[in-house]
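> sharing a model prediction with you, sequence too.
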Amino acid sequence: MIQKLYFHNFIKASIISLVAAIILFYFSFTLGKHPFFLLLNNNLGIVADYFFKFYTHFGDGTIWAILLFLFIKFNKKYIPFLIAAFILCTLLVQVCKYVILPNEPRPIAAIQPTSLIHTVQGVEPHTISTFPSGHTAAAFCFFFIASLFIHKKWIIPVGFLYAILVGYSRVYLAQHFPFDVAAGIVTAIIAISFSIFIQKIFEKKK
């Protein structure tokens, strides 16, 4: 059986995610990049510390490898799409981080005194290359991929909650500003949209 892509799900997921990104951009500008970060970086207690310290890894690049294994086993036809999504997401993030804004300070380097920032024991905050959040971009890519392949109503709210919590974890762990999280969401939308286009090109060639 050939897997069908559910584009209407992706459109819904993209709209909801874009609205979230716009809200984060809006408050970053109106409240200020630093004050908005400090508002969301509030200490929520030891349970939250342990939860987000663990949960942030759901935006790690290793999940791409898991997806590749699943695609090889069940959806070989869409491997070009997955590879394109990985390359585009990674490329967009890395170019912004290390070419366009290579020394952009992260919260721990930008905000003084650093005692204002809540940090989690065992997590070392990075100091530069903050824009955009790579973990957020990856998590939203995974959410969008799931929305394309799973034709269930729950995938949108559950997938969005999964991805936005990864984004929030980056703020809670003092690794990124909310502005960076918003940019990560937009990065994922761009990467998956172009990957769908690339998949269609491969299918036409065949």
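Sure thing, it's come through. These figures come from a predicted structure and were not determined experimentally.

> backbone dihedrals for residue 151, please?
Backbone torsions of residue 151, given as degrees, to the nearest 10, read phi -100, psi 70.

> can you check the pLDDT for the residue lying closest to it once chain neighbours are set aside?
Closest residue in space to residue 151, ignoring its immediate chain neighbours: residue 6 at 4.9 Å, by CB to CB, 6 or more residues apart in numbering. Yep, even glycine has a C-beta here, placed from its N, CA and C like the rest. On pLDDT, residue 6 comes in at 90.

> residue contacts, the residue nearest the centre of the chain?
Nearest to the geometric centre of the chain sits residue 136, at 1.9 Å (CA atoms, centre = their mean). When contacts are counted by CB atoms under 8 Å, 6 or more residues apart in numbering, residue 136 touches 59, 163, 166-167, 170, 176, 180-181, 184-185, 188.

> the longest helix seen in the chain: which residues count as buried?
Counting residues, the longest helix found in the chain (DSSP state H) is helix 178-205. For helix 178-205, burial by neighbour count (16 or more other CB atoms under 10 Å) applies to 178-189, 191-192, 194-196, 198-199.

> ok, stretch 48-63 next?
Those would be 48-49, 52-53, 55-56, 58-59, for stretch 48-63 by 16+ other CB under 10 Å.

> and if you look at stretch 65-83?
67, 71, 75, 78, 80-83.

> in this protein, where is pLDDT below threshold?
Along the chain, segments meeting pLDDT under 70 span 1-3, 206.

> what segments of it are helices?
7-30, 33-40, 46-55, 62-74, 79-95, 107-110, 134-149, 155-172, 178-205.

> orientation of the longest helix of the chain relative to helix 79-95 in degrees?
150 degrees (axes from the mean of the first three to the mean of the last three CA atoms, to 10 degrees).

> closest one to residue 128 among the helices of the chain?
Residue 128 lies closest to helix 107-110 among the helices of the chain, at 6.6 Å (CB to CB).

> how about stretch 24-40: buried residues?
24-25, 27-28, 33-34, 36-38, 40.

> now those residues in JSON lines, with distance to residue 157?
Below are the buried residues of stretch 24-40 laid out as JSON lines (distance: CB to CB, whole Å):
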{"residue": "24", "distance to residue 157": "19"}
{"residue": "25", "distance to residue 157": "22"}
{"residue": "27", "distance to residue 157": "22"}
{"residue": "28", "distance to residue 157": "25"}
{"residue": "33", "distance to residue 157": "29"}
{"residue": "34", "distance to residue 157": "31"}
{"residue": "36", "distance to residue 157": "25"}
{"residue": "37", "distance to residue 157": "26"}
{"residue": "38", "distance to residue 157": "29"}
{"residue": "40", "distance to residue 157": "21"}
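
> what is the most widely separated pair among those?
Farthest pair in the buried residues of stretch 24-40, by CB to CB: 25 and 38, 17.3 Å.

> so residue 82 sits against residue 69, correct?
No: in this structure, residue 82 is not within contact of residue 69 by CB atoms under 8 Å, at 10.6 Å.

> skipping its backbone neighbours, what lies nearest residue 93 in space?
residue 134 (4.5 Å).

> alright, that wraps it up for me.
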